[in-house]
Structure formats: C-alpha cells, structure tokens
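>>> sequence and predicted structure are below.
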Amino acid sequence: MSPTQPLTLVIATRESRLALWQAEHVQALLRARGHTVSLLGMTTQGDQILDRSLSKVGGKGLFVKELEVALEEGRAHIAVHSLKDVPMELPEGFALACVMEREDPRDAFVSPRYASLDALPQGAVVGTSSLRRQVLLQALRPDLRIEPLRGNLDTRLRKLDEGNYDAIVLAAAGLKRLGLQERIRTEFATTDMLPAAGQGALGIEIRSDRQDLMDALAPLAHQDTWLTVTAERAVSRAMGGSCSMPLAAHGRLVQGTLHLDAAWGDPDARVPLVRASASSPVATLEAADALGIAIAAQLRAGGARGVDPVVG
C-alpha cells in the first residue's frame with residue numbers, strides 16, 4: 001500500500017484546556033507524519049449550560065454537536081473527542097475513524113483534606129454530576145452527600161478549593177494529561193468505581209465518506225483499545241445508554257481474551273447495584289460488540305432498567 005499523501009487538515013475542538021491538549025496531541029502526531037494541521041476552537045452547548053445536569057439537558061452529545069456541524073460544513077475535517085463524551089450512535093454521515101491508545105481509565109479521588117473515600121467523615125459532601133459515579137459512591141458510602149458539580153476540569157478543581165465540597169471525583173486521565181497528577185489523593189480500584197465506557201480513550205470523528213482521512217488516521221489507532229472500548233460502548237448502546245443512565249462498563253484485553261465488567265445503579269437507591277461480567281476471546285470489532293450486548297442482557301436479567309430502542 002502506498003504511503004498516505006500529505007493533507008492539509010483542520011481539527012475541530014472544544015476550547016477547554018483539556019480538550020485543547022487532546023487536539024494539540026493529535027495535531028503533533030499528524031504533523032510528524034507530514035500533514036499540515038491547524039485547530040478550530042469552538043464552544044459547545046455542553047460548555048455553556050452549567051446550571052443543570054447533562055442528563056436533564058440532552059446528554060453528552062451536547063459536547064460534540066457543534067463540532068459535527070463544522071465537519072458537515074467543511075470548516076473542519078476531523079474532531080477529537082474524549083470517547084466517553086461521544087454518543088453511542090453517531091449521526092448518519094459520520095464515523096469514528098480512530099481510537100487512540102488509552103490513558104489511565106480509572107476515577108480519581110481529589111480532596112485538599114482527606115486522603116481517600118474511606119477517610120471522609122459521615123455526611124461529607126462529594127461533588128460529581130455523573131449518575132454513574134453517584135450510584136457507585138452510594139454503594140460504597142451511603143452516608144455521603146453527593147452534590148452536583150459541572151464545568152471543565154479547572155472549574156471543578158476551583159470549586160473544590162473554594163470549599164464547596166469535601167472531595168470530588170474526576171477522571172484520572174484528564175488530570176494526568178494536564179500535569180495535575182499531584183491533585184490525585186488516590187485512584188479508585190475499578191472493582192470499586194467501575195469506569196464509564198470509553199473513559200481515558202480519545203476518539204477521532206470524521207465524515208464517513210472521507211476515505212483519505214481514514215487512511216491518514218489509521219497509524220494513530222490502537223487496536224487493543226479500540227476492541228475494548230467497542231465492547232464497553234456496546235453495553236451502553238444495548239441498554240439505551242447516555243449520560244442520563246447510571247451505567248458503567250470497563251474491559252481489559254489480556255492475551256486475546258476480553259474481560260468485561262458492567263454495573264447499573266438506581267440513583268434513588270431503591271434497588272441494589274446490579275453487576276455483570278463475562279470473558280471471551282475477541283479479535284474483531286464484531287466480536288467485541290457481541291460481548292457487550294451479552295453483558296447488557298445480563299444486566300437486564302439482574303434487574304437493570306434500560307431504555308428500549310424505538311422501533312418504526
């Protein structure tokens with residue numbers, strides 16, 4: 001196969017410090033391969049609406065819609081996303097062209113005063129607007145007060161430092177990418193705080209008719225990560241999942257076998273946390289997808305309430 005011809009590319013990105021780091025990371029990798037790459041910074045609806053939880057205003061798709069419009073209109077050619085922010089079903093005409101090697105997928109406990117979740121006093125206030133984190137925290141420490149926390153990573157840390165919370169829970173990957181790992185007091189074991197589908201991985205979205213971009217991005221892809229997050233996202237898709245669903249899914253690919261765990265919880269704590277797990281040899285995206293669908297069926301059988309797909 002002949003080498004990919006150099007391209008002139010524009011990356012659509014949100015303008016938060018973390019989103020810009022991610023876009024600049026991809027920019028550097030593509031430039032190293034001979035492409036000319038610039039950035040188009042954008043503010044999305046998800047960045048603007050900070051007084052309500054995402055589950056009440058349209059989900060995490062609010063972080064990608066404006067970027068997709070830029071792709072549609074030809075103002076940009078690729079969009080770099082935190083994969084956990086990408087809806088499980090992309091709009092017609094768009095494709096996930098590349099999934100890059102995953103950073104640390106775990107959640108991080110961040111607090112100026114307390115070393116761990118166990119060290120928090122009864123009734124302590126923990127900040128998160130993730131329903132997944134809420135139900136997992138409730139299962140670990142039902143005595144805590146879980147309060148909403150919106151905004152980009154720097155905003156969340158500022159609200160913690162201003163004394164609004166005793167602790168907050170953030171993705172370890174974002175903190176490490178921005179050189180803020182010293183803020184991490186402890187990283188949760190995935191057995192306690194199961195990550196969100198795709199957490200820690202970057203995905204690159206394009207128009208589905210751009211085979212030249214598919215070819216240019218192929219060297220950036222990490223196949224083991226892609227297989228793993230495909231299974232995780234399949235769980236969420238089969239459950240009808242979005243950020244309005246308290247759902248976690250995390251996989252580990254070890255010597256060709258994918259070990260997949262998932263959990264569903266009730267934000268009102270009326271029913272216990274439902275967990276499911278399975279392992280299967282996985283070498284293709286189709287096999288990864290099938291494993292995720294099987295895990296979703298386990299969750300439903302255990303009492304998890306999904307959202308059935310609309311037929312018609």
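All right, it came through fine. Here the structure is a predicted model, which is why all the values come from computation and not from measurement.
>>> contacts only, for Leu194.
Taking C-beta atoms under 8 Å, 6 or more residues apart in numbering as the criterion, Leu194 is in contact with Arg132, Leu136, Ala248, Ala249, His250, Asp261, Ala262, Ala263. Any C-beta I mention is one placed from the backbone N, CA and C, and that applies to glycine too.
>>> spatially, which residue comes closest to it, not counting chain neighbours?
Ala248 (3.7 Å; C-beta to C-beta, 6 or more residues apart in numbering).
>>> in the host helix or strand of that neighbour, which residues are buried?
Using DSSP states H and E, Ala248 sits within strand 247-254. Buried residues in strand 247-254, defined by neighbour count with 16 or more other C-beta atoms under 10 Å: Leu247, Ala248, Ala249, His250, Gly251, Leu253.
>>> tell me what that strand is packed against?
helix 131-140, helix 223-238, strand 257-264 (3 or more C-beta pairs under 8 Å, 6 or more residues apart in numbering; DSSP states H and E).
>>> for the helix or strand following the last one, which strands pair with it and how are they oriented?
Right, the one you point to is strand 257-264. Sequence-wise, the next helix or strand downstream of strand 257-264 (DSSP H and E) is strand 274-281. If you go by DSSP bridges, strand 274-281 pairs up with strand 257-264 (antiparallel).
>>> tell me the mean pLDDT for the partner strand?
For strand 257-264, mean pLDDT is 97.
>>> what's the angle from it to helix 131-140?
Here strand 257-264 points in a direction 80 degrees away from that of helix 131-140 (axes from the mean of the first three to the mean of the last three C-alpha atoms, to 10 degrees).
>>> quick one: strand 257-264 to chain centroid distance?
Taking C-alpha atoms, centre = their mean, to the nearest Å, one finds the center of strand 257-264 at 16 Å from the center of the full chain.
>>> quick one on the thing from earlier: widest-spaced pair of the buried residues of strand 247-254?
The widest separation within those, taken as C-beta to C-beta, falls between Leu247 and Leu253 and amounts to 20.5 Å.
>>> setting aside sequence neighbours, what's the nearest residue to His77?
Leu9 (4.8 Å).
>>> quick one: secondary structure of that neighbour?
Recorded secondary structure, Leu9: strand (DSSP: H, G, I helix; E, B strand; the rest coil).
>>> for Arg17, see how far away it is.
Using C-beta to C-beta, to the nearest Å, Leu9 is found at 22 Å from Arg17.
>>> low-scoring pLDDT stretches of the stretch 101-250 of the chain, where are they?
The model of the stretch 101-250 of the chain has pLDDT under 70 over residues 241-244.
>>> just so I have it, where are all the helices in it?
Here the stretch 101-250 of the chain has its helices, by DSSP state H, counting those that start in this stretch, at 131-140, 153-161, 172-177, 211-217, 223-238.
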